[in-house]
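[1] sequence below, structure please.
(2 chains)
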Amino acid sequence: MTPAVAPTSSNRRPIKLTQVINRVLFWLLILLILFYTIFPFYWAIVTSFTPSGQLFNTPVAYWPKDFTTENYRQIFNNPDFLKALLNSTIVSLSTVIISLVVGSLAAYALGRLKFRGRTIILYVVLAMSMFPAIAILGSLYQMIVTLKLYNRIPALIISYLTFTLPFTVWVLTNFFRSMPGELEEAAFVDGASPMQTFLLILLPLAAPGLVTTGLLAFISAWNEYLFALTFTQDYAARTVPVAISSLGGSSQFELPWANRMAASVIVTIPLIVLVLIFQRRIIAGLTAGAVKG
Amino acid sequence: MCQLSVIEGFAGNVAFEISIERQVYTSQRKVATVSQQAQTQLKTQPINKKRASAWQRPQTAWGRRRERLGWLLVTPSVLVVVLVAVYPLLNTFLMSFTNRRMSSTRAVSWVGFANYTDLLQNSTFLRSVSNTLVFAISSVFFETVLGIIIALVIHSNFKGRGLMRTAMLVPWAIPTAVSSQMWAWMYNDVFGVINDFLYTRLGVISQKIAWLADPNLALPAIIAVDVWKTTPFMALLILAGLQVIPSDIYEAADVDGATRWQQFWRLTLPLLTPALMVALIFRTLDALRVFDIIYIMKGTATETVSMAVLARQIMIDSGRLGAGAALSVVIFIILALFVVLYTKFVPVTED
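    Numbering: from 1, shown residues only, chains lettered A, B, ... in the order given. Now for the predicted structure:
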């Protein structure tokens, strides 16, 4: 219909049409963004379920013709990968626990107690979370070799504290600082010591903050690559990120893409599950620094 | 320094758009005052962080006990940070003036600035600096632009918004080592899905491309992976910034007849600046010290080598700790310089 036929409604129809077009474009944009963010992971999953022989067919199949779990079976029977998984778990959990215990004490002090030198310590902590890991790599390497920790798990735990501890202290300090002061006054009136106030009153209230901070620290330790690559030599201490790029195939001539993708999916799934469960808190935690400036 | 020129270019664009709009519309003065009000409202929040309190000795026994406890509680953290971070950092500075090697019985001696002057004559070093700058500038630029678009989309109301926000976290949660592998497989020249899509299905390229093997394409290909991995993080930071902007200023702008486009440049972007700056600083710092993604996808190849990759190669692979330390110090100084410049010349808050 042309505007000439129905002149009275000619003013409204084009607007409606543009609205429809806008709506369609908007949803196309959403689909495009979703495709962009999700497709690589989808592709890793598809590859991991494809028989490794069929990966080298052209044209590429966007959905596996013969669905197989063989790649996963191989990965779970690979002692090196299992050891790496264990190493990663031990390293990440230990790092997080030490950071939370040591860090929450410092964060309580920095956030709630007044003492000389507090500001300087805060600045040092902030500076430590910004400098590049490469700047301490050589010195740490020497230190680790001197302490006879090379290719051993404590080497990784110690080096990971360089980034998880400042992060934990910084985030938790802001968390404790945002708590109302009346809580401590009430505890004082009731005769609690400062340490009791911390352990019995503030720490339980800080639990959500501890969980989020711990989770973010866990993810950064789980994903760390540079120190893991430099301070380990074999599967005595090698962690998953390093192991994945050195996985061998079923034969020495075949690039083990199917196995690598299966391993990739295995190490990513727990992270994605954690992230989905705690997504609200993670988003809040990630953005707390940004909004407060 | 180069980051700043990006910002300046960006700011120039804003000014250009604004001058066009000024000729067409008449109502921005009101919009501008509303935006200023909103800005001052927003600014009151972060300021009290800076409230300087003069130190006084606590008067009461309770206060003194809390002071002692404060020192007691920070001691473990301070000890750990000093031992594993501050001391190694100082050690690196000292080492950069020596000829220390990893496994050598030769006595270590001071060499002054020799390690630094050697760097300037090393063409790989110069290449690593330019690679790192290209990587940092382009990845942060694309992440910011895409991040703003995605954040604006998520910020508008639609069904499945929560789902989309969740999907955003997927690339961020995947370990870099894993996503580099995933993309290396997608980039595979014969069997990779990207060539299959662009050549076999769409035919937009005339032959299958060896994305990572081609010296001219390897760095852009790696940048694309970094953009994919980090854009969602940017988008979430920007989204948080969008959510603190009060919605009534948009209503006021609507009443005054400002278009969406105008509202974006005159209200959203200026009000977003503080959040955007923090995100930019963090991302640029990350991009300048890039290691994982480049090392996993291309090893120490010259065409993509970054400063951090080169520093590790010199220190660990060739065992020249002193020379590598010098390069580490250079990276450290560039980062520090960048932070200072950013905070000096880009006003995070305009007071």
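
[2] identify the single longest helix in the chain, thanks.
    All of this is about chain A. As assigned by DSSP state H, the longest helix anywhere in chain A is helix A:13-48.

[3] sorry, I should have been clearer: chain B.
    For chain B, the helix that runs over the most residues, judged by DSSP H, is helix B:123-155.

[4] average pLDDT for that one, rounded please.
    Helix B:123-155 comes out with an average pLDDT of 94.

[5] so does the very next helix or strand once past that helix get close to chain A?
    Heading C-terminal from helix B:123-155, the first helix or strand you meet, by DSSP states H and E, is helix B:161-173. Yes: with CB under 8 Å from any CB of the partner chain as the threshold, helix B:161-173 lies in contact with chain A, specifically through B:164, B:165, B:166, B:167, B:168, B:169, B:170, B:171, B:172, B:173. C-beta here means a position set from N, CA and C on the backbone, and glycine is covered the same way.

[6] looking at these, which has the most residues close by?
    residue B:168 (26 neighbours; other CB atoms under 10 Å in any protein chain shown).

[7] per-residue confidence at that one?
    For residue B:168, pLDDT reads 84.

[8] residues in the stretch 1-150 of chain B within reach of chain A, list them.
    Neighbours of chain A within the stretch 1-150 of chain B, by CB under 8 Å from any CB: B:45-46, B:49, B:53, B:55, B:58, B:62-63, B:65-67, B:69-74, B:76-78, B:80-81, B:84-89, B:91-92, B:95, B:102, B:150.

[9] residue contacts, residue B:128?
    Counting by CB atoms under 8 Å, 6 or more residues apart in numbering or on different chains, residue B:128 makes contact with B:305, B:306, B:307, B:309, B:310.

[10] and for residue A:245?
    A:260, B:177, B:180, B:181, B:296.

[11] if I look at it, how far off is residue A:130?
    Counting by CB to CB, to the nearest Å, the gap from residue A:245 to residue A:130 is 28 Å.

[12] list the buried ones in stretch B:229-243?
    Buried residues in stretch B:229-243, counted by 16 or more other CB atoms under 10 Å in any protein chain shown: B:229-242.

[13] so the spatially most central residue of chain A is in which element?
    Geometric centre of chain A, nearest residue: residue A:219, 3.1 Å, by CA atoms, centre = their mean. Using DSSP H and E, residue A:219 maps to helix A:207-223.

[14] take that helix, keep the C-alpha atoms, and write them as PDB.
    The C-alpha trace of helix A:207-223 is given here as PDB (Å, rounded to 0.1, in the frame of the first residue of the first chain):
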ATOM      1  CA  ALA A 207      31.600 -14.700  54.100                       C
ATOM      2  CA  PRO A 208      30.100 -13.600  50.700                       C
ATOM      3  CA  GLY A 209      33.100 -11.400  50.000                       C
ATOM      4  CA  LEU A 210      35.400 -14.200  51.000                       C
ATOM      5  CA  VAL A 211      33.700 -16.600  48.600                       C
ATOM      6  CA  THR A 212      33.800 -14.200  45.700                       C
ATOM      7  CA  THR A 213      37.400 -13.200  46.300                       C
ATOM      8  CA  GLY A 214      38.400 -16.800  46.800                       C
ATOM      9  CA  LEU A 215      36.700 -17.800  43.500                       C
ATOM     10  CA  LEU A 216      38.400 -15.100  41.500                       C
ATOM     11  CA  ALA A 217      41.800 -15.900  43.100                       C
ATOM     12  CA  PHE A 218      41.100 -19.600  42.300                       C
ATOM     13  CA  ILE A 219      40.400 -18.900  38.600                       C
ATOM     14  CA  SER A 220      43.500 -16.700  38.200                       C
ATOM     15  CA  ALA A 221      45.700 -19.400  39.900                       C
ATOM     16  CA  TRP A 222      44.000 -22.200  37.800                       C
ATOM     17  CA  ASN A 223      44.700 -20.300  34.600                       C
END
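
[15] hang on, the earlier thing: the buried residues of stretch B:229-243 in helices, which ones?
    With DSSP H as the criterion, helices contain B:229-242 from among those.

[16] could these be laid out in JSON lines, adding pLDDT and distance to chain A?
    Listed next are these as JSON lines, based on pLDDT from 0 to 100; distance: CB to the nearest CB, whole Å:
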{"residue": "B:229", "pLDDT": "94", "distance to chain A": "9"}
{"residue": "B:230", "pLDDT": "93", "distance to chain A": "11"}
{"residue": "B:231", "pLDDT": "93", "distance to chain A": "8"}
{"residue": "B:232", "pLDDT": "88", "distance to chain A": "6"}
{"residue": "B:233", "pLDDT": "84", "distance to chain A": "7"}
{"residue": "B:234", "pLDDT": "89", "distance to chain A": "10"}
{"residue": "B:235", "pLDDT": "90", "distance to chain A": "9"}
{"residue": "B:236", "pLDDT": "85", "distance to chain A": "6"}
{"residue": "B:237", "pLDDT": "85", "distance to chain A": "5"}
{"residue": "B:238", "pLDDT": "89", "distance to chain A": "9"}
{"residue": "B:239", "pLDDT": "88", "distance to chain A": "8"}
{"residue": "B:240", "pLDDT": "84", "distance to chain A": "3"}
{"residue": "B:241", "pLDDT": "86", "distance to chain A": "7"}
{"residue": "B:242", "pLDDT": "89", "distance to chain A": "10"}
